[in-house]
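Undergrad: one predicted model, sequence on top.
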Amino acid sequence: MEYFIYSLYHGYEKENKSLSVKFIGLYNSRKNINIGINDAIKLSGFKNYPNDFHIRKYVLNKIHWKKGFSNVVGEDNIPENDNISGCTLFNEKSVNGLIRLTHAYTLNSFLDDEREIGIFSSEEIVKVAIESLINRPGFKLHIDDFHFGYYEFNYNYWTTGF
């Protein structure tokens, strides 16, 4: 059976036309996403852009960016929602969170290039995903810039505003 999970971001276009995207957290229900948005919107910055929260649905253990990349910044910083038809919302009571894998490197002192690779259920699956990507265009130039971490469900990781 395939599962999906919700991921919450805040993204808006800055005055210099660059996109500012902030990962907020992983959520296992729409109700909890709404709580997360209501908490974040109280913080500076977020309250100035209240309509710029984005909810994405990720199929669990699926690799995004399979072909690598050839350009920096602007290549769909937030991927389209996965097709979740036939998938079940991941809500395993014994699991409190999942692993988020990204690829990010600094272009200059003002700009990072980050891609969401996927949401995974184990570190072993993350390592297999990284191995399958390190020789792809773009990634092979930045093989040390894969980052992963465990994220509890229904917790806002961006807590300071901007």
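TA: All right, it came through fine. This one's a predicted model, so the numbers in the text were calculated from it and none came from an experiment.
Undergrad: find the residue at the geometric middle of this structure.
TA: residue 116 (4.8 Å; C-alpha atoms, centre = their mean).
Undergrad: just for the chain, where's the confidence low?
TA: Low-confidence segments of the chain (pLDDT under 70): 71-82, 109-111.
Undergrad: now do the helices in it.
TA: Remark: helices assigned in the chain by DSSP state H are 30-40, 123-133.
Undergrad: I'd like the ones you listed as TSV, with distance to residue 47 and mean neighbour count appended.
TA: (Glycine included, C-beta is placed from N, CA and C.) Putting those into TSV (distance: least, C-beta to C-beta, whole Å; neighbours: other C-beta atoms under 10 Å) gives the following:
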stretch	distance to residue 47	mean neighbour count
helix 30-40	9	16
helix 123-133	35	15
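Undergrad: the residue nearest to the centre of the chain pairs with what?
TA: Beta bridges link residue 116 to residue 102, judged by DSSP bridges.
Undergrad: quick one: the strands in the protein, in order.
TA: Counting by DSSP state E, the chain has strands at residues 3-13, 19-27, 53-59, 88-89, 97-108, 111-120, 146-152.
Undergrad: circling back to that earlier point, right, and the residue nearest to the centre of the chain touches residue 64 too?
TA: Yes: between residue 116 and residue 64 there is a contact under C-beta atoms under 8 Å: 6.1 Å.
Undergrad: distance to residue 46 added to the strands of the chain, as TSV?
TA: Listed next are the strands of the chain as TSV, based on distance: least, C-beta to C-beta, whole Å:
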stretch	distance to residue 46
strand 3-13	6
strand 19-27	9
strand 53-59	8
strand 88-89	25
strand 97-108	20
strand 111-120	19
strand 146-152	19
